[in-house]
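**Student:** generate coordinates for the sequence data below:
(2 chains)
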Amino acid sequence: MRLRLKKKGLGDVAGFLLLSVFLFFTCATSLASEETTKEPKSAGQPALEAAPGKSMVIETESQASDEAKSQGNEVKTEKGLEWGGSLWIDHRAFTRSPQNYSFKEYRLELRAEASTEKTRFASTLWIRSLGFSSVKSSADLFVREKIVPVEMEIREAYFDLYGFIFPWLDLRIGRQRIAWGTADRVNPTDNLNPDDLEDIWDFGRHLGSDALKATAYFGPVTLTGVFIPSFTPASPPLPDWAEAFIPPLEIPGFNLVNWRNEIILPENNLKSSAIAGLKLKTNFRGYDFSLSYVRGRDDLPLLRDILVEKVSGQEAEVLTRLVYPRLDILGFDLAGALGEVGLWAEGAIFFPERVVGEMAFPVPGYGLIRQPRTALSNKAYAKFVMGADYTFPSGIYLHGQWAHGFLHERGASELGDYFFFNLEWRLLRDKLKLIPLAGCIQISQWSDLRNNLALIFIPSFEYHPAANAEIAGGVRILDGRGASFSRIKHRDEIFLRFKYSF
Amino acid sequence: MERGKKTKKVLPGPWGLSWSWIFAGIVILVLILLLAFWAAHVFPAQPLSADEILKKVDEVVNAPKDRQARIKVIIIDSQGKQEIREMVNYQKGVDRRLVKFTSPAEHKGIGFLSLPHEVMYLYLPAYGRTRRIASHVKNTKFAGTDFTYEDMEAVRYSEKWTGQWLKEEGGHYVIELQPRPETRTQYGKMVMWVRAENFYPARVELYDRANRLIKLLTLEKIEKIGPYWTSRQMTMEDLKEKRKTILELQEIKFDVGLSDDIFTERFLMR
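**Tutor:** You can find the predicted model right below:
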């Protein structure tokens, strides 16, 4: 057994070395090819230039004098370092008494970008203050973090190599967002980056992954391969909202007085931690189609073990263990139009690994009785989304989506149906956007609608008083019974948001 | 005596004709030319039909193989307040176009790609992916301007509209354009002023389906750049809301040899 482990370890190291050699080779070759293109042109000789996004042009001095052509014959994409970003201020408060604040975020987003003909660097950095002072004792007053919480996060930082080795191949290396799928925010095929559920009202947000992405373009066919060497779990919703995704742990007949949990991450090696994906995209009869496959992991933890450690009367102390099961995901999506109506559909079949945990309970005189529990069946299940949108001549935009299965749901029997709707009305030359009808209806069981329903209604507005400035506000109203979002129905809130881009 | 008289020797002209005949011929030819010139002014040639004018407009407006330009967008509201946006524009033929905003900051990086058969993509940097958009957006305003997506399309008028002659006025042919039955458009009709000297449109009145004049497009600074006529400034006026958008074309380049690779999602996302 020890020998086998050693062999495995050696295999992982070898894999890592191979990856490193490959990366080194690719970078070196690309840099070499850049050097070649930068060679000075000798006088009087025609210069031959070829680049992606640029046709091959033979330019001589005599041709350069031609009036039409002398005005330039290339698409210049070279840019020095450019900075930009935004300031984002988001305040929310519960509408129910005592109208406590529910959320506060001051976010400074800094973006930097630089590019040459064949390369591009881009990064996004968040510096932010999320939440409120958490001072609970006089000692806390000396902890700056507890007075003014501040954090910094590299959301993305990557570089691109265009036309890498072959003119049809692009490479992106570094922390990046790899957004797959054609649906709006609810994407069953978008499984490479971990979900960022910290703010559940900004669902669809993902963390960046440290990845290598290669995209090959063959005419109308695009083939994308992604390799993410290490696993990163999803960022869970803030505690006030977590109930929507994580059902409360209940042991019949007992009150949980002390609930501890352990998160078991995959082993930190290539075999256990790596995620890979492949996607083939093409266009046929005006529709975009893609097929994808991801060998990944569920980024939301699965409750595997429940160990009741101590029972005293009606009170129980519990230890739970959570894991991130392996998933193989086969995806499909399409986008196009039927007449003037925009249409999209996206679906994925999930093949989870079987996870068997244990349930332990102390029985007086017998000690801890353990029994196995199936935490996750390996039965495949499918999630899908279908949607359409249309803009009326009056400028009213209507958007609707039906999603079968949300990101936190696993197993065919657990999947609910979600109907998203959005009606927007742009006024004052897009300065004002009214969204009187927006939200979602969740139905978790059709056979008993009244007890398995949730409604989320979010009327709001966006106003752009001047260039780069945005003020938005609205209210979130939640109601229902039985469905997962009904668990947060007492958390109606109002919000006001300011954004300035620079 | 007869013998002593010196006879006048007449030199023969070419082809054995005497010079007097040749001279008379030249005079007649000049007179004919003068007559023709006069007649052309007094009795103008049969005017072109409206559809022929439309075809000539297409030939002139869509003559370049491709075009690359930096466009300054000036939006002026009813109180005269201005907003300025900038974008780069690539166009190949009449059915491939890519637009990318370079300013202001809130729009920077947003891209729009229009391909044949009404295939359109929008790229929003915040989402990190392109989004396919359907033709219902055609009648919506393009990025808050007074131009709709349809107005921004490069188009062969003669393929989508039929012409009807109205009049000639101040060096312009004035024609009315009616949509062909298969044409999808927000407009009921257009009235176009076409410059007689070069067949470049100078003014277009846009009517809604209820035959109300709603917008006015004026093409100014019409210049010949290289072999091509082009307008460096286009103004779209919304007559109902009393506001307008001016597109100023800067750094225009024609026949750059733009590759098809530019008109792809790959380039749109860069």
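**Student:** so which residue is dead centre in chain B?
**Tutor:** residue B:61 (3.1 Å; C-alpha atoms, centre = their mean).
**Student:** is it correct that that one is in contact with residue B:204?
**Tutor:** No: using C-beta atoms under 8 Å, residue B:61 is not in contact with residue B:204; the gap is 11.5 Å. (C-beta placed from N, C-alpha, C; glycine too.)
**Student:** re the thing from before, tell me the contacts of the residue nearest to the centre of chain B?
**Tutor:** Residues near residue B:61 by C-beta atoms under 8 Å, 6 or more residues apart in numbering or on different chains: B:200-201, B:229.
**Student:** which residues in chain B form strands?
**Tutor:** Counting by DSSP state E, chain B has strands at residues B:66-76, B:82-92, B:96-103, B:111-115, B:119-124, B:129-133, B:161-169, B:172-179, B:189-195, B:201-207, B:213-225, B:228-238, B:243-254.
**Student:** distance of residue B:25 relative to residue B:18?
**Tutor:** When distance is defined by C-beta to C-beta, to the nearest Å, residue B:25 is 11 Å away from residue B:18.
**Student:** overlap in contacts of the two?
**Tutor:** If you check residue B:25 and residue B:18 against C-beta under 8 Å, 6+ apart, no residue is contacted by both.
**Student:** now the strands of chain B as JSON lines including mean pLDDT and distance to residue A:361?
**Tutor:** Shown next, in JSON lines, are the strands of chain B (pLDDT from 0 to 100; distance: least, C-beta to C-beta, whole Å):
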{"stretch": "strand B:66-76", "mean pLDDT": "95", "distance to residue A:361": "70"}
{"stretch": "strand B:82-92", "mean pLDDT": "94", "distance to residue A:361": "67"}
{"stretch": "strand B:96-103", "mean pLDDT": "94", "distance to residue A:361": "62"}
{"stretch": "strand B:111-115", "mean pLDDT": "92", "distance to residue A:361": "59"}
{"stretch": "strand B:119-124", "mean pLDDT": "91", "distance to residue A:361": "52"}
{"stretch": "strand B:129-133", "mean pLDDT": "90", "distance to residue A:361": "48"}
{"stretch": "strand B:161-169", "mean pLDDT": "93", "distance to residue A:361": "80"}
{"stretch": "strand B:172-179", "mean pLDDT": "95", "distance to residue A:361": "77"}
{"stretch": "strand B:189-195", "mean pLDDT": "96", "distance to residue A:361": "80"}
{"stretch": "strand B:201-207", "mean pLDDT": "97", "distance to residue A:361": "77"}
{"stretch": "strand B:213-225", "mean pLDDT": "95", "distance to residue A:361": "76"}
{"stretch": "strand B:228-238", "mean pLDDT": "95", "distance to residue A:361": "74"}
{"stretch": "strand B:243-254", "mean pLDDT": "94", "distance to residue A:361": "72"}
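**Student:** elements contacting the longest helix anywhere in chain B?
**Tutor:** In chain B, with assignment by DSSP state H, the single longest helix is helix B:19-42. Judged by 3 or more C-beta pairs under 8 Å, 6 or more residues apart in numbering or on different chains; DSSP states H and E, helix B:19-42 has no packing partners among the helices and strands.
**Student:** re earlier: which of the contacts of residue B:61 sits closest to chain A?
**Tutor:** Lowest distance from chain A to the contacts of residue B:61 (C-beta to the nearest C-beta) belongs to residue B:229, with 12.7 Å.
**Student:** distance check, the closest residue to chain A within the stretch 151-270 of chain B against residue B:253.
**Tutor:** Distances between the stretch 151-270 of chain B and chain A by C-beta to the nearest C-beta are smallest at residue B:226, namely 3.4 Å. Residue B:226 is 9 Å from residue B:253, where distance means C-beta to C-beta.
**Student:** measure stretch B:119-132 end to end?
**Tutor:** 8 Å (C-alpha to C-alpha, to the nearest Å).
**Student:** that stretch close to chain A?
**Tutor:** Yes: under the criterion of C-beta under 8 Å from any C-beta of the partner chain, chain A is reached by stretch B:119-132 at B:119, B:127-129, B:131-132.
**Student:** what's in contact with that stretch?
**Tutor:** For stretch B:119-132, contacts defined as C-beta under 8 Å, 6+ apart pick out A:177-180, A:182, A:283, A:286, A:288, A:335-337, A:342, A:344, B:108-115, B:133-135, B:137, B:149, B:265, B:268-269.
**Student:** next one: stretch A:91-102
**Tutor:** For stretch A:91-102, using C-beta under 8 Å, 6+ apart, the contacting residues are A:103-104, A:132, A:240, A:475, A:490-497.
**Student:** quick check: buried residues in that stretch?
**Tutor:** Buried residues in stretch A:91-102, counted by 16 or more other C-beta atoms under 10 Å in any protein chain shown: A:91-94, A:102.
**Student:** okay, those residues in TSV with secondary structure and pLDDT next?
**Tutor:** Formatted as TSV, the buried residues of stretch A:91-102 follow (DSSP: H, G, I helix; E, B strand; the rest coil; pLDDT from 0 to 100):
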residue	secondary structure	pLDDT
A:91	strand	97
A:92	strand	97
A:93	strand	96
A:94	strand	96
A:102	strand	93
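**Student:** farthest pair within those residues?
**Tutor:** A:91 and A:94 (12.1 Å; C-beta to C-beta).
**Student:** what residues does the stretch 101-250 of chain B have near chain A?
**Tutor:** For the stretch 101-250 of chain B, the residues in contact with chain A (C-beta under 8 Å from any C-beta) are B:104-106, B:108, B:117-119, B:127-129, B:131-141, B:143-144, B:146, B:184, B:186, B:225-228, B:241, B:243.
**Student:** alpha carbons only: can I get stretch B:160-172 in CSV?
**Tutor:** Output of stretch B:160-172 as CSV, limited to C-alpha atoms (Å, rounded to 0.1, in the frame of the first residue of the first chain):
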residue,chain,number,x,y,z
LYS,B,160,-34.4,46.0,-49.2
TRP,B,161,-36.2,49.0,-50.6
THR,B,162,-37.9,50.0,-53.8
GLY,B,163,-37.5,53.5,-55.1
GLN,B,164,-40.0,56.0,-56.4
TRP,B,165,-39.0,59.2,-58.2
LEU,B,166,-40.3,62.3,-56.5
LYS,B,167,-38.3,65.3,-57.9
GLU,B,168,-35.0,66.9,-58.6
GLU,B,169,-34.1,69.7,-56.2
GLY,B,170,-31.0,71.8,-55.9
GLY,B,171,-28.6,69.3,-57.5
HIS,B,172,-30.2,66.4,-55.7
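**Student:** so which bits of it are buried?
**Tutor:** Across stretch B:160-172, burial judged by 16+ other C-beta under 10 Å covers B:160-163, B:165, B:172.
**Student:** stretch A:333-351 now?
**Tutor:** Buried-residue list, stretch A:333-351, by 16+ other C-beta under 10 Å: A:333-337, A:342-348, A:350.
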